[in-house]
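Student: fold the following.
(2 chains)
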Protein chains: 2
Amino acid sequence: MISFNNKLIEHANNTKSLLCVGLDINPDNLESNSLSDLIDYSKIVIDYTRDYALAYKPNFAFFERWGSKGFMWLEEIIEYIGEGPILIADAKRGDIGNTAKQYAESVFTHFGFDCITLNPYLGRDSVEPFLCYDSRGVFILCKTSNGSGPEFQNQIITNKRPLYQEVAYWANDMNKNNNIGLVVGATYPDELQIVRDIVPELPILIPGIGAQGGDLEKCVKISNKSSIGIINVSRAISFPKDKSKSAIGSIAESYMLKINRALNE
Amino acid sequence: MISFNNKLIEHANNTKSLLCVGLDINPDNLESNSLSDLIDYSKIVIDYTRDYALAYKPNFAFFERWGSKGFMWLEEIIEYIGEGPILIADAKRGDIGNTAKQYAESVFTHFGFDCITLNPYLGRDSVEPFLCYDSRGVFILCKTSNGSGPEFQNQIITNKRPLYQEVAYWANDMNKNNNIGLVVGATYPDELQIVRDIVPELPILIPGIGAQGGDLEKCVKISNKSSIGIINVSRAISFPKDKSKSAIGSIAESYMLKINRALNE
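Tutor: Down below sits the predicted model:
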């Protein structure tokens, strides 16, 4: 059975794309509180980005916002996306072992995702239940893209390095089945460089491009020096100014091309 | 409008209970994979613990395990519990601001919980969207009950203290609306003592009693020295050896009484 990390790299080679399309279908951006409008719109985003996306990353919060109907929507769009793209559950879960096991069943067995984002705060036994599924993987939060991320992540800890670096060493050490990656925000390119040097073999998922203003070129180059760096874009693709189908498609295409240009320079 | 922390204390005084009944309805424990069996059983647990519970704490993983049908179950049991008990969303969420806002809408507005457990790893802007709801609150993970919790939580950080203590100071500092509490596992009573001294005014939610083997008496005394300490019991109440209704009720009662005895000694 192919490992998750190899599956990801193979799929990136086949599609010639490192673009992950984040699905954060925000009612405020759509200016509609009708769930059926949001469902229709999410399908348009999928239709018009399909040719350019290595992966889709539904952000669970925007589905849970609607309770069971939101989870029905999530089930529906997973089926709508279908075979092909890598499916990333952006759920940022983190809980004790017997609970983590249920979350793993939820995202991998019930929903059918290929991988999930996880929070490291509870340590190893909160991650391990996710590591024993064939061809499935995890992305552990290392250095997040938000402004207050450094409050804890940049604290210098026992080993004289910042916490986020300790998380990177720790994740690397746990990567026995070649199915662990890290999340590092594009808003912190210097830290991305450090993390890439700590984990040369781990995939890195990079949010923070687009609305959050991260430096795309720099991040593509650094993260793809070895293994693979995937660039996530959510709002900037899903909600272009005029919300037209053609704008969604052409922005997705232009991100894919910009990433590939940076890669080949 | 009453603050969440005052509402919690007032309700504990009225019910004369500090017992939180955790709803982790595990198919392995019930030895059934039928969702309708699990739903029926969860209602039995609620019926037979109602007289002893200050709060109910549904653990989201055990509902998400079943996707949209699991969330329908969660919606159903929240309605089934009805007015009265404090409802704690054990979801351990943690995400950047615009996403956190959606999670807050989910648990407070859609599901109608009184409070939610949160992970501190992303810092202040991941918590703030939850702090502006009338009479709603958060419990931030500080020192978790699991064996690998110390991997990061006990790292000595910049200020020469362990990370979990830094989280306690940080949470205390954010508690402007009297709606923040902490989670500290009963499996670490010495750390609970330290945390109680750091945050004399914050409620503490204490899991790890029962199946996980924490010291009930010690935890009740320490956590209730000031403000309030709530004792969560999940598996030990929901799944007594014979799974009988009378056993569920009498175990819940005996926990409530043991807690009150420790309190009054």
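Student: residues contacting the residue nearest to residue A:182 when sequence neighbours are not counted?
Tutor: Using Cβ to Cβ, 6 or more residues apart in numbering or on different chains and skipping residues adjacent in sequence, the residue nearest residue A:182 is residue A:142, 4.2 Å away. (C-beta placed from N, C-alpha, C; glycine too.) Neighbour list for residue A:142: A:120, A:153, A:164, A:167, A:168, A:171, A:182, A:183, A:184, A:195 [criterion: Cβ atoms under 8 Å, 6 or more residues apart in numbering or on different chains].
Student: right, and the helix or strand after the host helix or strand of residue A:142?
Tutor: If you go by DSSP states H and E, residue A:142 is part of strand A:137-143. Counting by DSSP H and E, the next helix or strand C-terminal to strand A:137-143 is helix A:150-153.
Student: that next one vs chain B: in contact?
Tutor: Yes - Helix A:150-153 is in contact with chain B by Cβ under 8 Å from any Cβ of the partner chain, via A:150, A:151, A:152, A:153.
Student: can I get those residues in TSV including distance to residue B:126?
Tutor: Shown next, in TSV, are those (distance: Cβ to Cβ, whole Å):
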residue	distance to residue B:126
A:150	12
A:151	10
A:152	11
A:153	12
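Student: as CSV, those with pLDDT would be great.
Tutor: Formatted as CSV, these follow (pLDDT from 0 to 100):
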residue, pLDDT
A:150, 97
A:151, 97
A:152, 97
A:153, 98
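Student: average pLDDT across stretch A:217-231?
Tutor: What stretch A:217-231 shows for mean pLDDT is 97.
Student: buried set for that stretch?
Tutor: For stretch A:217-231, a neighbour-count test (16 or more other Cβ atoms under 10 Å in any protein chain shown) marks A:219, A:220, A:221, A:222, A:223, A:224, A:227, A:228, A:229, A:230, A:231 as buried.
Student: filter those down to the ones near chain B?
Tutor: Okay, of the buried residues of stretch A:217-231, nothing touches chain B (Cβ under 8 Å from any Cβ).
Student: helices - which of those residues land there?
Tutor: Under the assignment DSSP state H, those contribute A:219, A:220, A:221, A:222, A:223 to helices.
Student: so who does the nearest residue to the last one once chain neighbours are set aside touch?
Tutor: This means residue A:223. Using Cβ to Cβ, 6+ apart and skipping residues adjacent in sequence, the residue nearest residue A:223 is residue A:229, 2.2 Å away. Under the criterion of Cβ under 8 Å, 6+ apart, the neighbours of residue A:229 are A:18, A:196, A:203, A:204, A:206, A:219, A:220, A:222, A:223.
Student: does residue A:89 really touch residue A:110, like I thought?
Tutor: No - counting by Cβ atoms under 8 Å, residue A:89 stays clear of residue A:110, with 10.6 Å between them.
Student: more neighbours: those two, which one.
Tutor: Per other Cβ atoms under 10 Å in any protein chain shown, whichever of residue A:89 and residue A:110 has more neighbours is residue A:89, with 27 against 18.
Student: next up, phi/psi of that one, please.
Tutor: Backbone torsions for residue A:89, taken as degrees, to the nearest 10, come to phi -80, psi 100.
Student: what's opposite it in the beta bridge?
Tutor: Beta-bridge partners recorded for residue A:89 (DSSP bridges): residue A:116.
Student: and it, how far is that from residue B:208?
Tutor: 27 Å (Cβ to Cβ, to the nearest Å).
Student: so how far is stretch A:223-243 from its chain's centroid?
Tutor: Averaging C-alpha positions (Cα atoms, centre = their mean, to the nearest Å) puts stretch A:223-243 10 Å from its chain's average.
Student: contact residues of the stretch 151-265 of chain A facing chain B?
Tutor: Residues of the stretch 151-265 of chain A that fall close to chain B, judged by Cβ under 8 Å from any Cβ: A:151, A:152, A:153, A:155, A:156, A:157, A:158, A:163, A:166, A:167, A:170.
Student: now do the same for the last one: helix, strand or coil?
Tutor: Residue A:170 carries the three-state label helix when classified by DSSP: H, G, I helix; E, B strand; the rest coil.
Student: could you pull up the contacting residues of the closest residue to residue A:258 other than its chain neighbours?
Tutor: By the measure of Cβ to Cβ, 6+ apart, the closest residue to residue A:258 outside its immediate chain neighbours is residue A:216, 6.0 Å from it. For residue A:216, the contacting residues are A:186, A:209, A:231, A:255, A:258, A:259, A:262, by Cβ under 8 Å, 6+ apart.
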